[in-house]
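> Give me the fold of what follows.
(one chain, ligands or ions: 2)
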Amino acid sequence: MNRRQFLASSAAIGCLPRFAVAASPTFRLKAEEITGQILPEGDGTTRMLGFNGSVPGPQIRVRKGERVRVDVENGLDEGTAVHWHGIRLENSMDGVPVLTQNLIDPGNTKTYSFVAPDAGTFWYHSHYISHEQVARGLMGPLIIEDDAPIDVDHDITAVLADWRMERDGALIEEYADRHSVAHAGLLGTFARAFFSQGEVKTGDRIRLRLINSATNRIFPIAVTGASGKIVALDGMPLTKPRDFEQIMMAPAQRVDLILDVAAEVKLDMMNRQGPYELGAIAASGTNEHRHRTPIAALPAHAIGVPPKPGQHLTLRMMGGAMGGRHGGDNIWAFNDVSDLQPNPFGSFQQGETARITLINDTSFPHGIHLHGHHFYEVGADGSIGDLRDTTLVNARDSRDILCTFDNLGKWMLHCHMLSHAVGGMRTWVEVT
Ligand code: C2O
Ligand code: CU
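Ligands and ions are numbered 1, 2, ... in the order given. Model (predicted):
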């Protein structure tokens with residue numbers, strides 16, 4: 001080996017680790033005041049919050065198992081923090097002020113870095129005075145890709161949201177009025193879907209990733225112009241694709257569909273007053289090449305059915321309008337306690353499985369979200385149901401969940417109707 005070759009090979013070896021680091025995708029999100037186009041073009045703009053100038057914030061797409069770095073810069077005149085909803089990440093990156101991090105002060109930047117262990121549809125949003133910051137626009141989609149692409153012509157994200165605004169697009173800057181907090185939460189006067197892509201061809205097979213980013217609204221959704229199946233819930237693939245008519249989505253929930261396009265694909269919210277159009281993907285031209293094979297399941301997730309649980313805990317939702325008295329000192333409570341307390345609601349050894357009975361003793365539905373984990377819903381007959389990170393429990397109803405607490409740290413457990421969370425319906429668990 002002559003000296004020249006030696007230098008060359010040594011240089012190449014020296015570079016390897018740097019290439020490996022560079023391969024880890026880095027993103028930058030700046031939280032700031034923006035002017036958004038929420039109403040149809042021409043109908044007035046909205047002074048609100050966003051990331052990098054847009055609402056929803058930019059779509060972050062990374063591979064499963066890959067380290068992600070996101071530098072979050074706070075361009076607001078108040079604190080903020082970003083939560084990566086549904087990702088089973090390290091506790092210190094979960095984005096919950098006080099519990100897992102300090103606030104990002106105005107002008108400061110915090111680097112979040114994590115490895116997403118599951119492919120699927122997730123999202124990110126502010127977790128500081130979130131009933132207000134999310135309502136003003138601090139949210140965006142987070143897509144974790146599987147190793148191999150699935151057989152579709154387009155992979156489209158639809159972020160659903162609503163805003164309480166005037167007809168000219170101005171936000172009504174009142175986020176925690178007692179009436180909304182004590183009832184169904186702050187509901188918008190205008191709702192829509194934002195699509196990552198606005199046009200497809202007739203005959204295309206598409207994956208449509210629905211994300212409910214609304215602070216309080218449950219969306220009952222009808223899809224027209226295409227037919228297909230539900231293939232994932234809250235990011236996690238179903239073992240068997242499922243037929244659907246209406247799709248019920250609590251705040252923070254996600255539903256992935258695989259659809260065969262027959263015409264313009266329209267999403268309607270099915271109100272009591274009739275359908276309300278959230279948005280549509282135009283269909284122009286025809287895809288002649290698509291083979292209509294049966295819709296297959298997505299590659300399976302890695303979360304096994306939990307073993308027999310050790311602890312069995314009960315979480316009773318209390319309070320609100322027409323909800324009766326409780327012992328907490330806010331409008332809502334879990335087990336007679338409002339808001340975050342010094343002691344956790346549950347303490348688990350890492351790897352321990354617990355059963356939690358969620359009892360809704362109130363007059364409103366609640367979408368209960370656990371951070372850092374997914375859990376199985378349990379049917380009334382004891383059967384193991386869907387794997388979720390947010391579960392909708394109807395008024396005066398109850399649901400059991402089974403969770404293996406395998407992620408160390410302090411994790412929030414709260415209602416994702418963010419008006420209810422600020423009204424007291426939040427607690428936390430600890431895994432040690
Ligand atoms: Cu998506 Cu604690 O939240
Ligand atoms: Cu609630």
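> switch to C-alpha atoms for all contacts and neighbour counts from now on
OK.
> How about the backbone phi and psi for the nearest residue to residue 84 once chain neighbours are set aside?
Once flanking residues are discounted, residue 84 sits nearest to residue 124: 4.5 Å by C-alpha to C-alpha, 6 or more residues apart in numbering. Backbone torsions of residue 124, given as degrees, to the nearest 10, read phi -130, psi 150.
> And residue 124, how far from residue 51?
Residue 124 sits 11 Å away from residue 51, going by C-alpha to C-alpha, to the nearest Å.
> One more: residue 311?
41 Å.
> quick one, which of the two is more surrounded?
Neighbours were tallied for residue 311 and for residue 51 using other C-alpha atoms under 10 Å; the higher tally belongs to residue 51 (25 against 14).
> need the contact list for the more buried one.
29, 30, 31, 32, 57, 58, 138, 139 (C-alpha atoms under 8 Å, 6 or more residues apart in numbering).
> if you count residues, which strand in this structure comes out on top?
Ranked by residue count under DSSP state E, the longest strand found in the chain is strand 254-271.
> Please name every helix or strand in contact with that strand.
If you count contacts as 3 or more C-alpha pairs under 8 Å, 6 or more residues apart in numbering; DSSP states H and E, strand 254-271 packs onto strand 120-126, strand 199-202, strand 205-212, strand 219-233, strand 274-286.
> and residue 418, backbone torsions?
The phi/psi pair for residue 418 (degrees, to the nearest 10) is phi -70, psi -20.
> Surely it and residue 215 touch.
Yes: using C-alpha atoms under 8 Å, residue 418 is in contact with residue 215, at 5.4 Å.
> burial count for residue 253?
Counted with other C-alpha under 10 Å, residue 253 comes out at 30.
> Can I get the helices and strands packed on strand 254-271 in CSV including mean neighbour count, mean pLDDT and distance to ligand 2?
Shown next, in CSV, are the helices and strands packed on strand 254-271 (neighbours: other C-alpha atoms under 10 Å; pLDDT from 0 to 100; distance: least, C-alpha to the ion, whole Å):
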stretch, mean neighbour count, mean pLDDT, distance to ligand 2
strand 120-126, 26, 98, 18
strand 199-202, 21, 98, 36
strand 205-212, 24, 98, 15
strand 219-233, 20, 98, 15
strand 274-286, 16, 97, 23
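> Distance check, whichever residue of the stretch 251-400 of the chain sits closest to ligand 2 against residue 134.
Per C-alpha to the ion, residue 366 is where the stretch 251-400 of the chain lies closest to ligand 2, at 3.7 Å. Noted for residue 366: a distance of 18 Å to residue 134, by C-alpha to C-alpha.
> more neighbours, the two?
It is residue 366, of residue 366 and residue 134, that has more neighbours when counted by other C-alpha under 10 Å, with 26 against 23.
> which element is the closest residue to ligand 2 within the stretch 1-150 of the chain on?
Ligand 2 sits closest to residue 131 of the stretch 1-150 of the chain, with a gap of 11.9 Å, by C-alpha to the ion. Assigned by DSSP states H and E, residue 131 falls within helix 130-133.
> and that helix, what other elements does it pack with?
Applying 3+ C-alpha pairs under 8 Å, 6+ apart, we find helix 130-133 packed against helix 418-422.
> neighbouring contacts of the helix it packs on?
For helix 418-422, the external contacting residues (C-alpha under 8 Å, 6+ apart) are 129-131, 175-176, 180-182, 185-186, 215-216, 332, 339, 414-415.
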